[in-house]
Each structure stands twice: as structure tokens, then as C-alpha cells.
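Asks: For reference, the sequence and a predicted model appear below.
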Amino acid sequence: MDAEAYRATMADLLRRKIPSVVKEVVTAAIDKKAEKTVVINLKGVTEMTDFIVICHGQSSRQNRAIADEIQHRLREKFRRKAFGVEGKNSTDWILLDYVDFVVHVFSQENRSKFSLEKLWMDGKRYDFFRD
């Protein structure tokens, strides 16, 4: 993402009615070059969680770096620790469960395979990328 696209994406993120902690997740993911970052608002759709953040990286190393950066920033800025972390060893699908929101960091192949955006299409979707 070039500098102009980054500024536009961050400005769009600031305008959205999304909790600041979820905005920080999006920012951390984008700063680590996550691809096609999406937030889905599930309030009123399910009681499982309020928001889902979905993104993917281009390699196992990048996926781990994205997940690590998210965890680091939320610990530092919000004193939040993930309730559960899964997939950190395989890195094809890393799940960070913060109870009121869940972060999914996929490999590109698994993101297409599991297609969570379609599964949760009843929720309000916010895209933070440009095609």
C-alpha cells in the first residue's frame, strides 16, 4: 500500500463507528502489510462476539508478525491480553480471541477456503483496502 492509499485508509478507519481497540487491530495489521483487512460488526447477529477482524499475509512469517504486532499493541495501549490464541505454530490460520472481538490472520489459501466473510455476511462489513 502506497503512502496515499495508507492515509486514505487510516482516514476512513477514523470515521468508522468501531471501538478504538478494534481500530488499533486494523492499524497494526495494515502496518505489517496485511492484505485485504476487513472488520465485520456482528452486534445483533450473534452473541458469540461483537466484531471479527479478518486479514491475510503472504507467508507464514508475515502472518506470525501480524499476529504478534496486534498482541503487542493491545497489551501496550489497552492492557488487553488475548483470552485465547490458536494456530500460532502452523500460521495458516491464527486466531486471537479477545472475547468482544476476534482476529483471524489467514494464509491467502485458507482465507479463500474458509470464506468467513460469506459466513458472516449478515453483519455490517467495513473494508480497509483498495483493489
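Replies: Structure's in. What do you need?
Asks: what does stretch 122-131 contact?
Replies: With contacts defined as C-beta atoms under 8 Å, 6 or more residues apart in numbering, stretch 122-131 is touched by 1, 5, 8-9, 12-13, 16, 18, 26, 30, 35-42, 45, 52, 117. C-beta coordinates here come from the backbone N, C-alpha and C atoms, glycine included.
Asks: what does stretch 85-97 give?
Replies: With C-beta under 8 Å, 6+ apart as the criterion, stretch 85-97 contacts 60-61, 63-64, 66-67, 70-71, 82-84, 102-107, 109-110, 114.
Asks: May I have stretch 64-75 exported as CSV, CA atoms only?
Replies: Output of stretch 64-75 as CSV, limited to C-alpha atoms (Å, rounded to 0.1, in the frame of the first residue of the first chain):
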residue,chain,number,x,y,z
ARG,A,64,3.1,-14.5,12.7
ALA,A,65,4.4,-10.9,12.5
ILE,A,66,0.9,-9.6,12.0
ALA,A,67,-0.5,-11.6,15.0
ASP,A,68,2.5,-10.6,17.2
GLU,A,69,2.1,-6.9,16.4
ILE,A,70,-1.6,-7.0,17.2
GLN,A,71,-1.0,-8.7,20.5
HIS,A,72,1.9,-6.3,21.4
ARG,A,73,-0.1,-3.1,20.6
LEU,A,74,-3.2,-4.2,22.5
ARG,A,75,-1.0,-5.1,25.5
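Asks: chain center to that stretch, what's the gap?
Replies: 11 Å (C-alpha atoms, centre = their mean, to the nearest Å).
Asks: Okay, buried residues for it please.
Replies: 64-67, 69-71, 73-74 (16 or more other C-beta atoms under 10 Å).
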